[in-house]
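1. Output the structure for:
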Amino acid sequence: MTALLLSCSTQKKDNVELVLDTKSALGEGAIWNYKTGELIWVNITEKILNFYNPKLKNNKEMLTGQMIGTVVPSESGKMMVALENGFYQLNPKTGSKKLITNPEEDISGNRFNDGKCDPAGRFWAGTMSTEGKSQAGALYRLDSNGSAQKMIGNVTTSNGIVWSLDYTKMYYIDTPTRKVMAWNYNNETGEISNPETAIEVPQEMGYPDGMTIDAEGNVWIALWGGAAVGCWNPLTGELLQTIDVPAKNVTSCAFGDDDLGTLYITTARQGTSEEELKKFPHAGGVFKTRPGVKGVEAFFFKGEF
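-> Have a look, this model is predicted:
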């Protein structure tokens, strides 16, 4: 606990550096592929999957043909993506993709949004209405055999999801609630139960969006409308640290680089007025900072189709 207190203080840190000035409409879904040394992220509405190599300072864009909610690496070397109308396997070398399943085939007006793999290699991703309907979405779990299970219903904007370091809790965000819910999680079966509120984000801090976890077990939450990333202790609900980001709408974050000590941050230009863009000219870019803690390796999808 002492190390936690030393590494995560309540002071603000503003040493944030612009990495990519892409001016993305809706940058999202940051995840670090520790096997390839790349930051993978998406531009949802512009249907772009991005691969950023910080050593080469090169960002490769791949058009997906549909709005892309999130991406996760696969043990097979391919990628799993949640596109507008379902779960797909994607070949990062050719861009070819294969539909695995669309659990909302009979629902119009929804699209997939954020998600990640759990410790057992299952892919969780949720949906939301493109028409602003409340509680029209759900959270799904894609198993290694290609079947999708509906895990949580009545979701408005499915967003950040992480698992505790001991694999007993799943933390999950439905953005408009301004809450992070802690679910009991069974790593063997993938079942969840008994949700409780772990964190409540104050109104003045904006809305919780994407989320990652560090090696101390604290969660880092991108704050839509809050121009910041916040670090919370999910066991106590205490805010430990905030990092100001020069973009109004901060969407996701992921620890990366060889030591997992760099926090990469995606942002959106969407929802930013002309007046606000004068203050935040690099909105929609990717940023990074060294917050003094390290992340954990991302889980890969276990399944081949």
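
2. what about S129, how many residues close to it?
-> 18 (other C-beta atoms under 10 Å). Using the backbone N, CA and C atoms, a C-beta is placed for each residue, glycine as well.

3. V155 versus that one, what's the distance?
-> Distance of S129 to V155, given as C-beta to C-beta, to the nearest Å: 10 Å.

4. Also L90?
-> Separation of L90 from V155 (C-beta to C-beta): 24 Å.

5. between S129 and V155, what contacts are shared?
-> Shared contacts of S129 and V155 (C-beta atoms under 8 Å, 6 or more residues apart in numbering): G137.

6. which residue packs closest to L223, ignoring adjacent ones?
-> Among residues not flanking L223 along the chain, G206 sits closest, at 4.1 Å (C-beta to C-beta, 6 or more residues apart in numbering).

7. Pull the contacting residues for the one you found.
-> By C-beta under 8 Å, 6+ apart, the residues touching G206 are 223-228, 250.

8. Per-residue pLDDT of it, please?
-> Reading off the confidence values, G206 has pLDDT 98.

9. same question, G303
-> Note on G303: pLDDT of 88.

10. neighbours around the spatially closest residue to it that is not a sequence neighbour, how many?
-> Distances taken as C-beta to C-beta, 6+ apart put S144 closest to G303, at 3.4 Å, once the chain neighbours are dropped. S144 is flanked by 16 other residues according to other C-beta under 10 Å.

11. all numbers from here: first residue = 21
-> Sure thing, new numbering starts at 21, so read that last one as S164.

12. what's near enough to touch S164?
-> S164 is in contact with 141-142, 321-323, counting by C-beta under 8 Å, 6+ apart.

13. Out of the residues you listed, which sit inside helices?
-> When DSSP state H is applied, those are split such that none fall in helices.

14. Of those, just say which sits nearest to E236.
-> Distance to E236 across the contacts of S164 (C-beta to C-beta) is lowest for G141, with 23.9 Å.

15. Any regions of the chain where pLDDT drops low?
-> 21-34 (pLDDT under 70).

16. tell me the helices in it, going along the chain?
-> Shown for the chain, the helices assigned by DSSP H span residues 22-27, 294-299.

17. got a list of contacts for the last one?
-> Going back to what we said before, that points to helix 294-299. With C-beta under 8 Å, 6+ apart, helix 294-299 has contacts from 268, 289, 303.

18. rerun at 10 Å
-> 43, 247, 266-269, 289, 292-293, 303-304 (C-beta atoms under 10 Å, 6 or more residues apart in numbering).

19. List the buried residues in it.
-> Buried residues in helix 294-299, counted by 16 or more other C-beta atoms under 10 Å: 296-297.

20. Now it - C-alpha only, CSV.
-> Once non-C-alpha atoms are left out, helix 294-299 reads as follows in CSV (Å, rounded to 0.1, in the frame of the first residue of the first chain):
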residue,chain,number,x,y,z
GLU,A,294,-15.1,26.0,-32.7
GLU,A,295,-14.4,28.1,-29.6
GLU,A,296,-13.2,25.1,-27.6
LEU,A,297,-10.9,24.1,-30.6
LYS,A,298,-9.1,27.4,-30.1
LYS,A,299,-8.2,26.2,-26.6
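
21. picking that back up, which of the contacts of helix 294-299 sit farthest apart?
-> Across those, no pair lies farther apart than K43 and A247, at 16.3 Å, counting by C-beta to C-beta.

22. Which one's more surrounded, those two?
-> Legend: neighbour count by other C-beta under 10 Å for K43 and A247, higher for A247 (22 against 16).

23. residues contacting that one?
-> Going by C-beta under 10 Å, 6+ apart, A247 touches 225-226, 262-270, 287, 296, 299-300, 303.

24. Just the ones of the residues you listed in strands?
-> Among these, the ones falling in strands (DSSP state E) are 262-264, 269-270, 287.

25. now, among the residues you listed, which is nearest to E37?
-> Using C-beta to C-beta, I263 is the member of the ones in strands among the contacts of A247 that lies nearest E37, at 11.6 Å.

26. can you tell me which residues contact the closest one?
-> Applying C-beta under 10 Å, 6+ apart, we find I263 in contact with 32-36, 240, 243, 247-251, 270, 273, 283, 285, 307, 309, 311.

27. cool, L69 as well?
-> By C-beta under 10 Å, 6+ apart, the contact list for L69 reads 49, 60-63, 80-84, 88, 90-91, 99, 101, 103, 110, 112, 115, 117.

28. Same check on S272?
-> If you count contacts by C-beta under 10 Å, 6+ apart, S272 has them with 47-51, 61-62, 90, 134, 179-180, 229-232, 240-242, 249, 284-288, 306.

29. nearest residue to it other than its sequence neighbours?
-> Using C-beta to C-beta, 6+ apart and skipping residues adjacent in sequence, the residue nearest S272 is G230, 2.8 Å away.
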